[in-house]
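Q: Provided below for reference: sequence and predicted model.
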Amino acid sequence: PLLLYWLLERAGLDVTGKVYLVVVIALAITAFLIWVECFAAFRPRRPPDDPVESYPPASAIIPAYLPNEADTVVETVEAVLAQDYDDLQVILAYNTPHDLPVEDELREIAERDPRFTALRVHGSVSKAQNVNVAIASVTGEFVAIFDADHHPAPGAFKRAWRWLANGADVVQGHCVVRNGTDGNLQRLVAAEFEAMYGVAHPGRARLHGFGIFGGSNGFWRTSVLRLTRLRSFMLTEDIDSTMRVVGAGGTIVSDPGLLSTELAPGNWSALWGQRLRWAQGWSQVA
């Protein structure tokens, strides 16, 4: 913009005064809408109270890139398998450039628990490709997607089904940082996530009538996920899938009471890389 203003000024056209007014007005409107969303978050939608006599088969997909997430993936698999849900299938869809010792642990889990499948996706280079391959093996009527460090709270699948049984296509839960006491960076991200998932997302959903799938702790109707899929060429495939579901008339619900814990980035460099990808991805979707 600065270069453009300079070139226009050299050509005898000074637009900075008008641009300044437009920017100030836009920021004022944005600030006002943020306040409205914050107040709307005081009245988030609650899961329907309709009693559920029986729960259908459910599945969980855990996409992972094992060299980076090998230290957390076994704990995550065990956390999902510990859910109090009678008919649950858990698929770890992972890619790795070479064999790893953790794969032996995963095979041992699969041998003792038939609900679990470790699916190595050869040729995959993205989370989206892992999820898309795993969809073909899903047997549940609805399916949850969890990142490799996510631990769903007890009762998560039953709470999500109450939404899906009453017309929702996707339910996005509340992601909570569980290592928020490790340092100042983690404490900052923990506070930010509370503002994001506890205030902004449910407030925006209340105000505008639709939620956002955030990539993890999201529960989908299997038929909708198979139709939508995730696009591997999108930097934020979750936001892309959100826009396509909403654009097709689907319903995405934000539930701040549907909890899952995750790990904040361990250092500023990792946080910078994550947020740079998020910013580029949102721009790409826009």
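A: Yep, it's here.

Q: where do the helices sit along the stretch 151-286 of the chain?
A: 156-164, 184-193, 201-208, 222-228, 237-247, 268-285 (DSSP state H, counting those that start in this stretch).

Q: now the third one: how far from the chain's centre is it?
A: For helix 201-208, the gap between its own C-alpha mean and the chain's C-alpha mean amounts to 16 Å (Cα atoms, centre = their mean, to the nearest Å).

Q: got a list of contacts for that helix?
A: 33, 36-41, 43-45, 172, 211-212, 214, 252-256 (Cβ atoms under 8 Å, 6 or more residues apart in numbering). Every residue, glycine included, has its C-beta placed from N, CA and C.

Q: flag the shaky bits of this protein, pLDDT-wise.
A: Applying pLDDT under 70 to the chain picks out residues 50-51.

Q: how about a cut-off of 80?
A: 50-53 (pLDDT under 80).

Q: longest strand in it, by residue count?
A: strand 252-262 (DSSP state E).

Q: partners of that one in the sheet?
A: Next to strand 252-262 in the sheet, as set by DSSP bridges, lie strand 151-152 (antiparallel), strand 170-177 (parallel).

Q: as a markdown table, the ones you listed with distance to residue 244 and mean neighbour count would be great.
A: Formatted as a markdown table, these follow (distance: least, Cβ to Cβ, whole Å; neighbours: other Cβ atoms under 10 Å):
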| stretch | distance to residue 244 | mean neighbour count |
| --- | --- | --- |
| strand 151-152 | 25 | 23 |
| strand 170-177 | 11 | 25 |
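
Q: which stretch among those strands comes nearest residue 29?
A: If you check each of those against residue 29 by Cβ to Cβ, strand 170-177 wins as the nearest, at 25.5 Å.

Q: report the angle between the closest one and helix 156-164.
A: Orientation check (axes from the mean of the first three to the mean of the last three Cα atoms, to 10 degrees): strand 170-177 against helix 156-164 gives 140 degrees.

Q: what's the spacing between the helix or strand harbouring residue 110 and its chain's center?
A: Assessed by DSSP states H and E, residue 110 sits inside helix 102-112. In terms of Cα atoms, centre = their mean, the centre of helix 102-112 is set 26 Å apart from its chain centre.

Q: got a list of what residue 80 touches?
A: 60, 62, 88, 90, 146, 151, 152.

Q: tell me the SS of the second one?
A: Applying DSSP: H, G, I helix; E, B strand; the rest coil to residue 62 yields a three-state assignment of strand.

Q: hmm, it is touching residue 152, no?
A: No: using Cβ atoms under 8 Å, residue 62 makes no contact with residue 152, being 10.7 Å away.

Q: now what about the helix holding residue 110, what contacts it?
A: Counting by Cβ under 8 Å, 6+ apart, 66, 70, 73-74, 77-78, 81, 92, 96, 116-118, 120 sit against helix 102-112.

Q: which element is encountered next along the chain beyond it?
A: strand 116-120.

Q: ok and that following strand relative to helix 102-112, angle-wise?
A: Using the same axes, to 10 degrees: strand 116-120 against helix 102-112 is 150 degrees.

Q: quick one: the longest helix out of those in the chain to helix 201-208, angle?
A: Secondary structure of the chain read by DSSP state H shows that its longest helix is helix 16-40. If you take the same axes, to 10 degrees, helix 16-40 sits at 100 degrees to helix 201-208.
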